[in-house]
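Student: build the 3D model from these lines:
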Amino acid sequence: MTFSNLDAILESDLDNLYELLKVQSTPVPSSDKRLELLSFPELFCHGTGSLHDDRPLEMKCGPAQYCKTRLLSGDARFRHNLQYVFYLAGEQMRRKIAQSIYGALRNVHGLDKLTSGELLNKIKSNDDVIKRRISASLRDVPGTKQYWASVKSKLRAQTEKHGPPTFFVTFSPAEYDWPELIGMLRDLNKDLPGVDSMSDSELLNKEPALTAQFIHTKFKALLEFILTAEPLGKVKSHFVRYEYQGRGTVHFHCLFWIKDAPVIGESTEEEVSTFIQERITCRLPDKTLEPTLHRIVKKYQLHSCRKYCLRSVKALSKGRKRRRFTMACRFGFPLPGSSKFHLRDVMSSLVGRFRRKFKKRLYDLPRTREERNMNAYNPACSLLWGGNMDIQFMSENSFSICDYVCKYILKEEVSNINCDFSKVTDTSGTAFQRYSKFAYAFLKQREMSANEAVDLMLLTGGNLWTSSEKYVWVPTTLPEQRSRTLKKISELEKDATSKELFHPDFLHDYYPNRAKKEDNVNLFRFISKYERVYGKMGFPIRVNGKEIGRLKTRTKEPVIYHHHHNIKKTPELFYYSMLSLYKPWRKESDIMGKSKSYQEEFLRCSDDPSSDFDDLRRFSGRKLDIEKVRAEMLSKVNEAMEAENTRDDKTSTAADSGDDSEDNGQSQGVNGALDNYQQSSGQSSIKTQEDLDAYVSTLNKEQLEAYNKVTSAIEHMSDHRNGLCKDKTCTGQVLLFIS
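Tutor: As a prediction, the model looks like this:
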């Protein structure tokens, strides 16, 4: 131990005293094929065996297979080394970014009239049109803002096809309480030093790969049960989001569309009530008759309020009209006990959600007093899952609750960065290198648990969601605004005068050149029926006798998603989108026909009784109906929120006015102190009573106790100043120490 004179240290140069040793060597670039070997010599003791090593042909494997082999091999050293796990995840992310940028460089719009030579010059000169495409280059990288925007478009199309989802279900694993998981980990790690003395928590943290594989296998078995045994009804479509929060373990947000399910606003209240109560309950199972379900429900379905769910809400104090703040559960627990099912209106539920107060539920299940803190569940699913689940019926005809839930489950991560081209001002290097610089900055901001890293490499196909649907993108915007995929540079350089710059696709090539017998088939039906194949399968599509691709009949109709144009903001684009999808055409000019605008042509076709335009009337009518009910519900919600704000203002005025007989019009209290503070300081962001209420609503339990203690002291001091304190034993002095 060394003792030093404190004064001498303070007088010295502290920066130099604690300066780390500078490394003068040139860092190894991330592209170096030896990086894996050099970074983990303890794993690659012989300097061989990395992804880029030369192997016999029969032993060669791609990056995805290599990751699976390393993490699931009999040699547990690789999966136990968390630094190595994150290295593999980082390399996978780099590959995705590289692929996305490569695709963005080849996916351009507004360049279809250029020759190959002119296009190459634009690429080399860092053209702005191509540069803007890089903004979307992260849409294939899990977790980015662009990634979730793409998923939202798919899910929106899925809801337009199947209607509002019937159930929103969340499954959270109870990995610490699953004996079969703990037993499996101990059996597979018998050779691990000290494994017998390890706690369950230590063992789970040591084995993220096997833990993740077990959780996903169990969830897939549960999902298969839901789809085949139909405890919720016949599932016609589903969507699952994998989310990682808190301790980093995955939980599953699921949307299920049930065949012939009732819809609030279209079905009777009795139909909705019967459907829900047949599938959802909050009862506490009998301990004797259902011992296993009783244990699971009591352990995982009983809600216990903690900091994450408690919010401060306004309340009037006893004996005076001044407002105090108290803690309340944002989920509304404890819920009201009742012997009957109660269905509320959609608007009141939305108002509670939008105001971010405690949650106003769409309905209340029958529950006894001891079940007031019970989360809703499905008995069969809860019994098989053996962990926490939450299930909510959400099918209503305005799609408003659907929009709210979809926005919630597809929320982007707080740690995301936005695409910023100031990161790529350096013009040195190739176009790919320039555009890669800001994209790789995302890796430095990305928060990822070991469980998520393993899931992305082993179990989810590199995605954070899955669905029962196959999605097909159709760019239903004007030709000059469309993006198309360029051919490879090597192909373009073969013929600098060629105008065939792009790979063939459905919109520009396959559909316009379809067989004559399908003249009356629209684009939507054509894409729904056929898919592209390679090799000798299917049938050919030819242009001027030259084969440009091959198609075959699909086994299942896909979800077609496209540009979403607002009929009020961009009416012509909306009508163009509907016509290009649902009106048969061969050439671009056929879409408008002889009309003077797309709107005129849309109205003409809609009035035409011909069966050729049945799809146009049906699908565009449905889309307009959905937008109409959405707008009407939003208008009602806004009106209700304004009315509620007005009531709050009146309550605030009454509470703070001189009607309080104890104050006798003289006491300023905390609100008067706020007014004085506003006069003396213009820097506070709290300018009004509403600002103060909003700020207080963000305090946690301990902060709220301190706030109420201080405000009570201020009012007490004000009472003393005005001679209103009636406590004869009170000294009049309030001492507070606030750190």
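
Student: how far away is L185 from V250?
Tutor: 17 Å (CB to CB, to the nearest Å). All C-beta spots, glycine's among them, are computed from the backbone N, C-alpha and C.

Student: so those two - more neighbours on which side?
Tutor: Each of L185 and V250 has its neighbours counted (other CB atoms under 10 Å); V250 has more, 26 against 21.

Student: against F524, how distant is G49?
Tutor: 51 Å.

Student: which one of those two has more residues nearby?
Tutor: F524 (20 against 13).

Student: from what I see, that one and L616 are in contact.
Tutor: No - with contact defined as CB atoms under 8 Å, F524 does not reach L616; the gap is 9.4 Å.

Student: what touches both of these two?
Tutor: Y582 (CB atoms under 8 Å, 6 or more residues apart in numbering).

Student: dihedrals phi and psi, N513?
Tutor: With angles defined as degrees, to the nearest 10, N513 sits at phi -110, psi 30.

Student: neighbours around it, how many?
Tutor: For N513, using other CB under 10 Å, the count is 15.

Student: and the one 3 residues further on, by the same measure?
Tutor: Counted with other CB under 10 Å, the neighbours of K516 add up to 5.

Student: same deal with the one 4 residues further on?
Tutor: The tally of other residues near N520 (other CB under 10 Å) stands at 10.

Student: equivalent analysis for the one 5 residues further on, please.
Tutor: The tally of other residues near R525 (other CB under 10 Å) stands at 16.

Student: likewise S589?
Tutor: Neighbours of S589 using other CB under 10 Å come to 9.

Student: so what's it scoring on pLDDT?
Tutor: Here the pLDDT value assigned to S589 is 94.

Student: from E91, how far out is it?
Tutor: In this view, S589 and E91 are 49 Å apart by CB to CB.

Student: equivalent analysis for S610, please.
Tutor: Distance, S610 to E91, by CB to CB: 57 Å.

Student: need the contact list for K529.
Tutor: 521, 553-554, 557.

Student: and which of these is nearest to E278?
Tutor: Nearest to E278 among the contacts of K529, counting by CB to CB, is E557 at 29.7 Å.

Student: hmm, L383 and T292 touching each other?
Tutor: Yes - using CB under 8 Å, T292 is in contact with L383, at 6.6 Å.

Student: show me which of those two is the more surrounded one.
Tutor: Neighbours were counted for T292 and for L383 using other CB under 10 Å; L383 has more, 16 against 10.

Student: got a list of what the residue nearest to the more buried one when sequence neighbours are not counted touches?
Tutor: Once flanking residues are discounted, L383 sits nearest to L293: 5.2 Å by CB to CB, 6 or more residues apart in numbering. By CB under 8 Å, 6+ apart, the residues touching L293 are 285, 379, 382-383.

Student: using CSV, lay out the residues you listed together with secondary structure.
Tutor: Formatted as CSV, the contacts of L293 follow (DSSP: H, G, I helix; E, B strand; the rest coil):
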residue, secondary structure
P285, coil
P379, helix
S382, helix
L383, helix
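
Student: just among those residues, which is most surrounded?
Tutor: Within the contacts of L293, most neighbours by other CB under 10 Å means S382, with 22 neighbours.

Student: could you export whichever helix or strand T69 is part of as CSV, CA atoms only?
Tutor: Using DSSP states H and E, T69 sits within helix 63-71. What follows is helix 63-71, C-alpha atoms only, in CSV (Å, rounded to 0.1, in the frame of the first residue of the first chain):
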residue,chain,number,x,y,z
PRO,A,63,-21.3,-17.5,-42.2
ALA,A,64,-24.7,-18.5,-40.9
GLN,A,65,-23.9,-22.2,-40.7
TYR,A,66,-20.5,-21.4,-39.2
CYS,A,67,-22.1,-19.4,-36.3
LYS,A,68,-24.5,-22.3,-35.6
THR,A,69,-21.7,-24.8,-35.6
ARG,A,70,-19.5,-22.8,-33.2
LEU,A,71,-22.3,-22.0,-30.7
